[in-house]
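>>> What would the 3D arrangement of this be:
(chains A and B)
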Number of protein chains: 2
Amino acid sequence: MKKLVLLLCFPAAVMARTPGNDDSVFIRKIANSALTERSTYQNLYNLTKKVGGRLAGSPGMVKAELWGADALKAAGADKVILQECMVPHWVRGGKDKASFIYTAGGKQVSAPVNVLALGNSVGTGAKGVKAELIRVHSFDELDARKNEVKGKIVLYDVPFEETFVQTFEAYGKNVIYRAIGASRAAKYGAVAVWVRSMSHSVDNNPHTGSLRYLDSIPQIPAAAVGLRDMEKLDSLLDQGKTLTGELYTYGKMLPDTIGHNVIGELKGTEHPEQIITVGGHLDSWDVNEGATDDGAGVVQTIAILKAFKETGYRPKHTIHFVLFANEENGTRGGKKYAEAAKAAGEQHLFALESDAGGFAPRGFTLGAPASLDKFNSYKPLFAPYGVEGFTAGGGGADVDPLHAVLGTAVSELRPDSQRYFDVHHAANDVLENVNIRELKLGAVNMAALLYLVDQYGL
Amino acid sequence: MKKLVLLLCFPAAVMARTPGNDDSVFIRKIANSALTERSTYQNLYNLTKKVGGRLAGSPGMVKAELWGADALKAAGADKVILQECMVPHWVRGGKDKASFIYTAGGKQVSAPVNVLALGNSVGTGAKGVKAELIRVHSFDELDARKNEVKGKIVLYDVPFEETFVQTFEAYGKNVIYRAIGASRAAKYGAVAVWVRSMSHSVDNNPHTGSLRYLDSIPQIPAAAVGLRDMEKLDSLLDQGKTLTGELYTYGKMLPDTIGHNVIGELKGTEHPEQIITVGGHLDSWDVNEGATDDGAGVVQTIAILKAFKETGYRPKHTIHFVLFANEENGTRGGKKYAEAAKAAGEQHLFALESDAGGFAPRGFTLGAPASLDKFNSYKPLFAPYGVEGFTAGGGGADVDPLHAVLGTAVSELRPDSQRYFDVHHAANDVLENVNIRELKLGAVNMAALLYLVDQYGL
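Below you'll find the predicted structure:
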């Protein structure tokens, strides 16, 4: 029945072999295995509660690499490779702290502000920075008011757009203020920046994330501010109050250090020279357990390997199950993997990534040279597990370099996005905020996609 | 463009008016209003944190009715009606407690068990019940071992099926053990039953829910057991240990008491005599805040009213926004609403319910006489907001009586189901486990459906 539907809809997709009932049955086997597998939760538990935070270059990351290698072996990898990769080494250096001061009823009032220094940022050191806050709602406003900025702390107050149904669109629109807001403000003489957290959560957790300093502009401290404290600041600024901000951060960029992509391999039976990659990134921010970002992708990657082993599936192509070394503040892991592949003359057929959280799966993005029509003809095979279809798009930060360097077709799991920015880069990205069944369903759909690529190509 | 697609796919759906671009634009207006509306979170906060648990007949429910009437007025109802409805009045009566005792290394060992008395169950009273546990995995096994049951506590150990992707299927399969397991065991002389919680959550919260005693069989105490404690019990029973259970519960069914369906009305402009209903149930279990079950449905109902008012939409048909009085342990609210409608000779065109949680919306169930084909032709209008389509099915417990009594077309929002049974009837059904954006997206799709029914009929 499924076969018939597929042929009617996409006669052009007829091949030597076409997906049919057997595939539906095998994917059901994969699902039954993955949904009842106990090690998946245990892996996430161990990664979040025993390893914990694991920023590139940190002791946590060293622990994570060893854990990852063991977990891939335990899941049944033919072999595990530690691929050396130089990674940035930023340290927070201390406990971030901030407050604001204003005058009310003739008295000075001071209130704390929940902040986290942005990744890669320089610290204020113990002497701190104390200056008047100037609030702007866009770079245009910053530019228009450039003469008012000197000696002040610029407060970037750009709310997440709530009417965008896909939260990644809101992030895509606003993240520029976190990424280069410090340099844009420093150009006009600002002494620090505070950035409204990239979130629309209801709590007050600040959300860190990396910035990059633009060349030849002084590097100034930068911190993310929790949303409930932003409301307080907004309320006072709306009343015309003059606010003085005080910030203490201790961030420092140390010399690059050694990290590793952790690669589990299943050797292909028919085309061992052609590689299919699936992965997530092993590093996380230092302030949380990295359960959603990207413990989920890591554990899904291992769960897929385990499901293939449990169901006795031997892939035709070689599959690499990759835990990437560094995504958060440098994307060095994916770049290294692609460069090494090119240097070794490897053939990479396809690469799939999970770095949008372990939430209920909704679809995949997929890029050339894979045929979107062909993969959308597989929809009935995915429908029982929640994936609605394939949309044009790249992979994520870790597999896109393979496309850039070798032209590999790349893809990314697209889970439901509503909760992602509630925990993204914040202290509440912990095990308890992951639903293990949603995570497993993501792995089921990913495994199904890898299986179909392995069987029927692109 | 959308109009064209619809006409091509469903030529039979051509009517005097057909949905088109204007509808897409209006639904976007509804979405923008609902997604940015502040009162929705505030309503859920007030209902969960200020009103709290609200089992039918409890002081919490009285508070909830007053809160609901005020909230509907504040959202802009033309009028609010309190429809009297006799409700069951069960009280827990005390703190449920249980433990199990076994012999290890010649010594008696006792360990606590997390339990909650089932709703409507009789209590053990302060003297408690102490008896050997007999574990069964099905009613068939119970029947086969009926001669072993007398004087014992029957432990129903039927795990939620993890390979069912839709969790409501697992619930549908197992809930019979909670519903009538006590009577089935009492028939063979059991003194109490313990039921494995209806959940596959990773925590140890017991999940209560109503039972019903079958006529002419002695009523025995019944309690739900947390899943981590079930693992301990299973482990010892698998080793062949004899376990003695001890249970203290204090449940009592008091005489029926007065409750109310709280009905907010928007009068129709063209067909005021024809009523469209949307609602959720106001009652919750006593052990939690009823945030998901069914604070979500209640708050969505109010959010839809608010969105219609904010966008200036005056419906052609009269719309009832109903907060039902009693679903959990009697479904008296929905029955009363339907009986009263029949008695008053009301015409009910359509009724929509939300009682599957405030999770990311995926679809709707829909029953006759509404045309499934017609509503599926509206899919492009819902796609931007997450709903994938309509499947055949009834409404929920609160609107199904309208169908039974008046033949009304009924429908229910179908959110993603993975997390529902993590919190269902358990202590962790609290505000913090609801994502307000997911809840709002549910309201957006519900509002869109009501609008389309109001404009284009069934």
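>>> care to break chain A down by domain?
With domains defined by automatic domain parsing, chain A comprises A:2-89+A:255-456, A:97-250.
>>> Residues of the stretch 301-450 of chain A that sit close to chain B?
The stretch 301-450 of chain A comes close to chain B at residues A:360, A:384-386, A:388, A:416, A:418-419, A:422, A:435-438, A:441, as judged by C-beta under 8 Å from any C-beta of the partner chain. The way it works is simple: take the backbone N, C-alpha and C, and place the C-beta from them, glycine included.
>>> now, the most widely separated pair of those?
Maximum pairwise distance in those, criterion C-beta to C-beta, is 28.1 Å, between A:384 and A:422.
>>> So those two - more neighbours on which side?
residue A:422 (23 against 16; other C-beta atoms under 10 Å in any protein chain shown).
>>> what stretches of chain A score poorly on pLDDT?
Along chain A, segments meeting pLDDT under 70 span A:1-17.
>>> Show which residue of it lies farthest from the average position.
residue A:106 (47.3 Å; C-alpha atoms, centre = their mean).
>>> Please tell me how far it sits from chain B.
Going from residue A:106 to chain B by C-beta to the nearest C-beta, to the nearest Å gives 33 Å.
>>> All the strands of the stretch 351-458 of chain A, residue numbers only.
A:361-366, A:390-392, A:409-415 (DSSP state E, counting those that start in this stretch).
>>> do you know which of those strands lies nearest residue A:254?
Closest among the strands of the stretch 351-458 of chain A, using C-beta to C-beta: strand A:409-415, at 31.1 Å.
>>> Not counting its own residues, what contacts that closest one?
A:300, A:349-370, A:390-391, A:393-396, A:399-400, A:402-403, A:438, A:442, A:445-446, A:449, A:458 (C-beta atoms under 8 Å, 6 or more residues apart in numbering or on different chains).
>>> could you flag which of those residues are buried?
Neighbour counting by 16 or more other C-beta atoms under 10 Å in any protein chain shown classes A:300, A:349-367, A:370, A:390, A:393-396, A:399-400, A:402-403, A:438, A:442, A:445-446, A:449 among these as buried.
>>> what residues are up against the residue farthest from the centre of chain A?
Contacts of residue A:106 (C-beta under 8 Å, 6+ apart): none.
>>> And for residue A:73?
So residue A:73 contacts A:80, A:264 (C-beta under 8 Å, 6+ apart).
>>> Look at it and tell me its secondary structure.
Following DSSP: H, G, I helix; E, B strand; the rest coil, residue A:73 is assigned to helix.
>>> Please report the distance of it from residue B:255.
Computed with C-beta to C-beta, to the nearest Å, the distance linking residue A:73 and residue B:255 is 65 Å.
>>> Spatially nearest residue to the residue positioned nearest the centre of chain A, not counting backbone neighbours?
Closest to where the C-alpha atoms of chain A average out (C-alpha atoms, centre = their mean) is residue A:355, at 4.4 Å. Closest residue to residue A:355 apart from its sequence neighbours, by C-beta to C-beta, 6 or more residues apart in numbering or on different chains: residue A:396 at 4.4 Å.
>>> how far away is that neighbour from residue B:264?
45 Å.
>>> next structured bit after the lengthiest strand in chain A?
Longest strand in chain A, counting residues (DSSP state E): strand A:252-266. Counting by DSSP states H and E, the next helix or strand C-terminal to strand A:252-266 is strand A:271-281.
>>> Please verify my assumption that residue A:76 contacts residue A:303.
No - counting by C-beta atoms under 8 Å, residue A:76 stays clear of residue A:303, with 11.5 Å between them.
>>> Between these two, tell me which one has more neighbours.
For residue A:76 versus residue A:303, neighbours defined as other C-beta under 10 Å are more numerous around residue A:303 (28 against 16).
>>> helix, strand or coil for that one?
Following three-state DSSP, the label given to residue A:303 is helix.
>>> ok, now residue A:206?
coil.
>>> and it, what does it touch?
Here residue A:206 is in contact with A:114, A:115, A:116, A:197, A:223, A:224, A:225, A:226, A:426 (C-beta under 8 Å, 6+ apart).
>>> what about the helices in chain A?
With DSSP state H as the criterion, chain A has helices at A:2-9, A:21-36, A:39-45, A:59-75, A:139-144, A:167-186, A:227-238, A:296-310, A:332-343, A:372-376, A:379-382, A:400-406, A:420-423, A:436-456.
>>> buried residues in the fifth one?
Within helix A:139-144, the residues that qualify as buried by neighbour count (16+ other C-beta under 10 Å) are A:139, A:142.
>>> Residues in contact with it: which ones?
With contacts defined as C-beta under 8 Å, 6+ apart, helix A:139-144 is touched by A:136, A:149, A:154, A:176, A:177, A:184, A:185, A:188.
>>> Buried among those residues? Make that a PyMOL selection.
To isolate the buried members of the contacts of helix A:139-144 in PyMOL, using 16+ other C-beta under 10 Å:
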select buried, chain A and resi 136+149+154+177+184+185+188
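>>> Which pair of the contacts of helix A:139-144 spans the longest distance?
Maximum pairwise distance among these (C-beta to C-beta): 17.7 Å, between A:149 and A:176.
>>> Please list only the buried members of the residues of the stretch 301-450 of chain A next to chain B.
If we count by 16+ other C-beta under 10 Å, these have these buried: A:360, A:384-386, A:388, A:416, A:418-419, A:422, A:435-438, A:441.
>>> and the residue lying closest to residue A:201 once chain neighbours are set aside, what does it touch?
Using C-beta to C-beta, 6+ apart and skipping residues adjacent in sequence, the residue nearest residue A:201 is residue A:422, 4.2 Å away. Contact analysis of residue A:422 by C-beta under 8 Å, 6+ apart lists A:199, A:200, A:201, A:203, A:428, A:433, B:435.
>>> Residue A:418 now?
Taking C-beta under 8 Å, 6+ apart as the criterion, residue A:418 is in contact with A:167, A:359, B:360, B:435, B:437, B:438, B:441.
>>> any idea how far residue A:339 is from the closest residue to residue A:237 other than its chain neighbours?
Distances taken as C-beta to C-beta, 6+ apart place residue A:135 nearest to residue A:237, at 5.3 Å, with adjacent residues excluded. Between residue A:135 and residue A:339 the computed distance is 43 Å (C-beta to C-beta).
>>> So the two - more neighbours on which side?
Under the criterion of other C-beta under 10 Å, the comparison of residue A:135 against residue A:339 puts residue A:135 first, with 19 against 15.
>>> Contact partners for residue A:93?
Residue A:93 neighbours (C-beta under 8 Å, 6+ apart): A:123, A:249, A:250, A:251, A:252.
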